[in-house]
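Q: coords please:
(2 chains)
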There are 2 protein chains.
Amino acid sequence: MAEDNSIFIGNKPFMNYVTGVVMQFTTKGASNVIIKARGKFISRAVDVAEVARKRFLENTVEVRDIKIDSEEFESDAGRPVRVSNIEITLGKK
Amino acid sequence: MAEDNSIFIGNKPFMNYVTGVVMQFTTKGASNVIIKARGKFISRAVDVAEVARKRFLENTVEVRDIKIDSEEFESDAGRPVRVSNIEITLGKK
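A: Numbers count the residues shown, from 1 in each chain, chains lettered A, B, ... in the order given. Below is the predicted model of the structure:
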């Protein structure tokens, strides 16, 4: 199931996420890992993907796909609020 | 020149960037616009792309390509610092 390989980025320490991605590839033998984030965590998701790919999994993993999307919600004040999201798929070369 | 269609996201008011993207397509007749950002502005670049695409250019513009990359610099304290970047290409359908 693809969902097993998903890592959702929040405000835990940065290296927790990087280690999570790296371990999916190394310990769990995943061929793809999907890094997901919403709102302000999108920048962090890109950082996690870049550090995992360039520092820890150099020459073995590449960016396979990047999707962006957004959803509109109603805020507590009743106003529409749009929240963006990203899904970065890293795959074994 | 492709570079003419690039919009670099920083800390000006959010709608300045959305208007910039929309005008490239409408007033200037561009077929592609590239939204670029670094570091913490990456989340904002995704927001700009989503608002331009879904609110202002609905059904006429789509996400054509997304690239991420990063560069390593030396900080003032002499430590290596990695800064990520993103390039989101929107194109006329």
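
Q: quickly find the element holding the spatially closest residue to A:K67 that is not a sequence neighbour.
A: Of all residues not flanking A:K67 in the chain, A:E87 sits nearest, at 4.6 Å (CB to CB, 6 or more residues apart in numbering or on different chains). (C-beta placed from N, C-alpha, C; glycine too.) Assigned by DSSP states H and E, A:E87 belongs to strand A:80-92.

Q: list the buried residues for that strand?
A: A:84-86, A:88-90 (16 or more other CB atoms under 10 Å in any protein chain shown).

Q: near chain B, from these?
A: Residues of those in contact with chain B (CB under 8 Å from any CB of the partner chain): A:84, A:86, A:88.

Q: which ones are touching the last one?
A: In this case it means A:I88. Taking CB atoms under 8 Å, 6 or more residues apart in numbering or on different chains as the criterion, A:I88 is in contact with A:34-36, A:45-46, A:49, A:63, A:65-66, B:68.

Q: and the contacts of the longest helix along chain A?
A: If you go by DSSP state H, chain A has its longest helix at helix A:14-26. Outside helix A:14-26, the residues that touch it by CB under 8 Å, 6+ apart are A:5, A:7, A:9, A:30, A:33, A:35, A:44, A:47-49, A:51-52, A:56-57, A:60-61, A:90, A:92.
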